[in-house]
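Engineer: this one's structure only:
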């Protein structure tokens, strides 16, 4: 038996509580990645296409994204393997140690759409070499970085005049191979011809004293002088 309409409610809205209408099914594709030229911090922007064709009109999507680096899914030349020993250990142990690395988590509010839309996922990047992701990216000379985007969150949509909510399935993921050049372009844009190291304060004080004693102008001069001495050049 159909329920009686509630006084003051639209006749069609009275039956919007039916459970036979399936929630929207969204499909995600990462189309591209590029350096953001103007940002407060070094940032990579991923262009995300969301396709909801055939579903109810979408009012908004609260999208939660985890981005992982699948280090075991690419090949490495001998030089790169040597660089990555600091991260994964000896190459012969990589079958056990070259695990997936969590790069970032991003929360994106996607405006309403009907059919499909394009959104941006912005990921802040660090040049701190104490962070595993920075070590990994810096060690790669070229090629691509295999990434997996894991999506979750909530879809808000209209159904029979009512606003409803549905969860994005936890097994929603998309693979994308980001060119290494994107990360290098970001760092070159924000830190041209530079790299950053974090030092223990005592080590810094000793370096500072060395700089003053030898009347060296820049920190590049300090490090170069020490390397020349270590290599027997002076």
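Structural biologist: Structure's in. What do you need? Computed from a predicted structure; not experimentally measured.
Engineer: ok, the closest residue to residue 84 other than its chain neighbours - how many residues close by?
Structural biologist: Distance criterion C-beta to C-beta, 6 or more residues apart in numbering; nearest residue to residue 84, sequence neighbours excluded, is residue 139 at 5.1 Å. Placement of C-beta: from N, CA and C, glycine included. Neighbours of residue 139 under the rule other C-beta atoms under 10 Å: 19.
Engineer: which residues sit in contact with residue 134?
Structural biologist: For residue 134, the contact set (C-beta atoms under 8 Å, 6 or more residues apart in numbering) comprises 125, 126, 127, 128.
Engineer: count of neighbours near the last one?
Structural biologist: Residues within reach of residue 128, counting by other C-beta under 10 Å, total 12.
Engineer: How confident was the prediction at it?
Structural biologist: At residue 128, the model reports a pLDDT of 85.
Engineer: got it, and the first one?
Structural biologist: What the model reports as pLDDT for residue 125 is 92.
Engineer: ok, now which ones touch it?
Structural biologist: 41, 42, 43, 44, 134, 183, 186, 187.
Engineer: Double-check residue 104 against residue 122; I have them as touching.
Structural biologist: No: counting by C-beta atoms under 8 Å, residue 104 does not reach residue 122; the two are 9.4 Å apart.
Engineer: Residue 220: helix or strand, and which one exactly?
Structural biologist: Here residue 220, judged by DSSP states H and E, is contained in helix 219-230.
Engineer: Which strands or helices does that helix pack on?
Structural biologist: In terms of contacts (3 or more C-beta pairs under 8 Å, 6 or more residues apart in numbering; DSSP states H and E), helix 219-230 is packed against helix 201-213.
Engineer: List the buried residues of the helix it packs on.
Structural biologist: Buried positions in helix 201-213, judged by neighbour count with 16 or more other C-beta atoms under 10 Å: 207, 211.
Engineer: Next, the angle from that helix to helix 219-230.
Structural biologist: 90 degrees (axes from the mean of the first three to the mean of the last three C-alpha atoms, to 10 degrees).
Engineer: could you dump the contacts of residue 134 to a markdown table with distance to residue 30 and secondary structure?
Structural biologist: Shown next, in a markdown table, are the contacts of residue 134 (distance: C-beta to C-beta, whole Å; DSSP: H, G, I helix; E, B strand; the rest coil):
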| residue | distance to residue 30 | secondary structure |
| --- | --- | --- |
| 125 | 17 | coil |
| 126 | 21 | coil |
| 127 | 24 | coil |
| 128 | 25 | strand |
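Engineer: which one among those residues gets closest to residue 153?
Structural biologist: residue 125 (23.1 Å; C-beta to C-beta).
Engineer: Give the phi and psi angles for that closest one, as a check.
Structural biologist: Dihedral angles of residue 125 (phi, psi; degrees, to the nearest 10) stand at phi -120, psi 150.
Engineer: That one and residue 147, how far apart?
Structural biologist: For residue 125, the distance to residue 147 (C-beta to C-beta, to the nearest Å) stands at 13 Å.
Engineer: next one: residue 172
Structural biologist: Using C-beta to C-beta, one gets 15 Å for the distance from residue 172 to residue 147.
Engineer: Those two: who's more crowded?
Structural biologist: Legend: neighbour count by other C-beta under 10 Å for residue 172 and residue 147, higher for residue 147 (19 against 16).
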